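1. Compute the structure for the input listed below.
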Amino acid sequence: MQPTSSVNPHPHHALDQLYSHHHGWLQGWLRKRLGNAADAADLAQDTFLRLLSNAPGERLDLKAPRAYLATIANRLSINLYRRRSLEQAYLAALAQTPEGLAPSLEYQALVLEALDEIDQVLALLPTKTRQAFLMAQLEGYTQEEIASRLNLSVRSVQRYLALAFEECIVFASQSAQQNE
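-> Next up, the predicted model:
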């Protein structure tokens, strides 16, 4: 359910009420789903932060507030697990690196952040586009090989790769603007 918005002289009043009425429920719901009180508390807080950042200065009129909050929290929990999975894969690869060649902790943190950002971009792509991009970039397949493996035309593969590159460029430019 999408919120409807209208101008409100006290824009955070509705969010305050939503928080006070549903934060405890949301945190309990997340704790049951995740089996971890700390992650549940973090995700419940992040859910309300997402609402605050997505609708600054607007009033929220929700018909089913718990369903709306659960949807946001569920998406955030998926992102959390995907990020942790990436971190574990990177750390496992790092563990196989000879001790003298291991990167600094600062560099490791930068790599994990970059991997998370790449994952966010890829998660937005349609499945075939993501598959074609990963096959080309990580596995080194040619466009013809990708077309054959995904049962697509070469022209479709070209369109998918162009879309993926475009999304990467847009994300990189937005990220650069935020860092300025």
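
2. What residues of the longest helix belonging to the chain count as buried?
-> Determined from DSSP state H, the single longest helix within the chain is helix 65-95. Neighbour counts over helix 65-95 (16 or more other C-beta atoms under 10 Å) mark 65, 68, 69, 70, 72, 73, 76, 77, 79 as buried. Glycine gets a C-beta too; all of them are placed from N, C-alpha and C.

3. Confirm for me that residue 47 is in contact with residue 74.
-> No. With contact defined as C-beta atoms under 8 Å, residue 47 does not count as touching residue 74 (9.5 Å).

4. quick one: secondary structure of residue 172?
-> Secondary structure, DSSP: H, G, I helix; E, B strand; the rest coil: residue 172 is helix.

5. Could you check the angle the lowest-mean-pLDDT helix or strand in the chain makes with helix 65-95?
-> Counting by mean pLDDT, DSSP states H and E, the chain has its least confident helix or strand at helix 105-124, which shows a mean of 82. With axes from the mean of the first three to the mean of the last three C-alpha atoms, to 10 degrees defining the directions, helix 105-124 sits at 130 degrees from helix 65-95.

6. Other residues contacting whichever helix or strand comes after helix 105-124?
-> As assigned by DSSP states H and E, the chain's next helix or strand after helix 105-124 is helix 127-137. Helix 127-137 is touched from outside by 122, 125, 141, 143, 145-146, 149-150, 152, 156-157, 160-161, 163-165, with contacts defined as C-beta atoms under 8 Å, 6 or more residues apart in numbering.

7. and those, which are buried?
-> In the contacts of helix 127-137, burial by neighbour count holds for 122, 125, 141, 143, 146, 150, 152, 156-157, 160-161, 163-164, counting by 16+ other C-beta under 10 Å.

8. Going by distance to residue 40, which of those wins?
-> Closest approach between those and residue 40, by C-beta to C-beta: residue 122, at 26.8 Å.

9. Can you list the helices and strands that the helix or strand that contains residue 22 packs against?
-> Element membership of residue 22, judged by DSSP H and E, is helix 11-34. Helices and strands touching helix 11-34, by 3 or more C-beta pairs under 8 Å, 6 or more residues apart in numbering; DSSP states H and E, are helix 37-54, helix 65-95.

10. Let me know which of the ones you listed is the nearest to residue 23.
-> For those, the distance to residue 23 is smallest for helix 37-54, at 6.1 Å, taking C-beta to C-beta.

11. In CSV, list the helices and strands packed on helix 11-34 along with distance to residue 130 and mean pLDDT.
-> Formatted as CSV, the helices and strands packed on helix 11-34 follow (distance: least, C-beta to C-beta, whole Å; pLDDT from 0 to 100):
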stretch, distance to residue 130, mean pLDDT
helix 37-54, 24, 87
helix 65-95, 13, 84
